[in-house]
Each structure stands twice: as structure tokens, then as C-alpha cells.
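Participant: Just the structure for this:
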Amino acid sequence: MFGAYETIENRPALRFERRLSHPVEAVWRAITDPGELEHWFPSKVEVGELRAGAEMTFTFESMPLEGAPTTMTGRVTEFDPPRRFSFSWGGDHLRFELEPGRGSEEGCLLRLTVLLDQHEKAARDAAGWHVCLDRLEGSMAGRETANEDWRARYEEYQRRGLPAGAPIPGD
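Facilitator: Numbers count the residues shown, from 1 in each chain. Next up is the predicted model:
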């Protein structure tokens, strides 16, 4: 369940895989519909017509990093329903890929790849996306998942050797 740290396209990257017990179509809604995203994504998401090239706005209701902007923009870079959804997120790039279960497997496989703009963000952001994916699973299962595991996840990602050094919320 922990994400992996890699280099992709000459950039530091995080890669997560989660087997979800929900069909591709339900997970697709959860990762693309702004009303569903509000249950697990770290910001409010606004997008007009969801298509490649569409502009996105991300609003943080309470920005945990002092001095960081409370609003960011991004752009949809790939939109291939219900399999692939990619967009820019500040200086990072997020790619969600869904694969239906095969044979007796139910649900689908969710892959999240995050191309980072800085190595130093790897442990911090891995912990954050890990918690977000936990919240996605919880939301889809009808239960709330709190963010209190972030610090433990961050420490574990550091222990696993992911680069650290980026500002930490609350420090």
C-alpha cells in the first residue's frame, strides 16, 4: 500500500497502486466529479467541461503551509473515460489510471503517478497522497477516514529513504 519513489521522464515521481472493491465507473466518478473529490482530495476542485486542455482551479480552504497560496490552477492533460485522467497540479503532474479486475477479481486497480517538481517534497507528498488514497477508499466504503495518520506516514516514508526537506505543515 505504500507508494514507491522513482524517476520518470527525468523527474522525481511517486507511484501508488490500490486495489479497490468498486467498479471502474464508480471509481472514475470519485476521481473526476468535483462533488465526489471533495470527500478525499486535498482541495476543492473546479473545472468547466471536463476534457483535455480544460483549466482547473484548486482552492484550499485552510492551507496548512504558511505562506503558500490558497488557490492554484492546473490543466487537464489527458482525459480518456473511464481509464485515464491526468492534470497539472501546481508544479506537479498527477496521472490516475484505472484497470478493471480480471477473471475472478472484482473492482478495479487504481494507479496514481505523481511527477514532482522537487526531490525534497517526496516524503511529505507521499504521506499526503497516501492519506488521500486512504480517504478515497474510506469515502467509497461509506466511512470517514481522518488525516491524523499523516505524521506517521511521513516518518515511514522517510524511513524508507524518500527525500525530505520540504516545509512541513504545522512545523
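
Participant: Can you identify the element that follows the strand or helix carrying Leu112 toward the C-terminus?
Facilitator: For Leu112, the host element (DSSP states H and E) is strand 108-115. Downstream of strand 108-115, the next assigned helix or strand under DSSP H and E is helix 122-140.

Participant: avg pLDDT for that next one?
Facilitator: Here helix 122-140 scores 95 as its mean pLDDT.

Participant: Pull out the buried residues from it.
Facilitator: Buried residues in helix 122-140, counted by 16 or more other CB atoms under 10 Å: 122-137, 139-140. Every C-beta, even on glycine, is put in place using the N, C-alpha and C of the backbone.

Participant: Tell me the helices and strands packed up against it.
Facilitator: On a contact count with 3 or more CB pairs under 8 Å, 6 or more residues apart in numbering; DSSP states H and E, helix 122-140 meets strand 11-20, helix 24-32, strand 108-115, helix 150-159.

Participant: what residues are up against the closest residue to Ala141 other than its chain neighbours?
Facilitator: Spatially, and ignoring its direct neighbours in sequence, Ala141 is nearest to Ser21 (7.9 Å; CB to CB, 6 or more residues apart in numbering). By CB atoms under 8 Å, 6 or more residues apart in numbering, the residues touching Ser21 are Glu106, Gly107, Ala141.

Participant: And Ser21, its phi and psi?
Facilitator: With angles defined as degrees, to the nearest 10, Ser21 sits at phi -90, psi 30.

Participant: try Pro23
Facilitator: When read as degrees, to the nearest 10, the backbone of Pro23 gives phi -70, psi 160.

Participant: Please give me every residue in contact with it.
Facilitator: Neighbour list for Pro23: Pro100, Gly107, Cys108 [criterion: CB under 8 Å, 6+ apart].

Participant: OK, contacts around the first one?
Facilitator: Taking CB under 8 Å, 6+ apart, we find Pro100 in contact with Pro23, Val24, Cys108.
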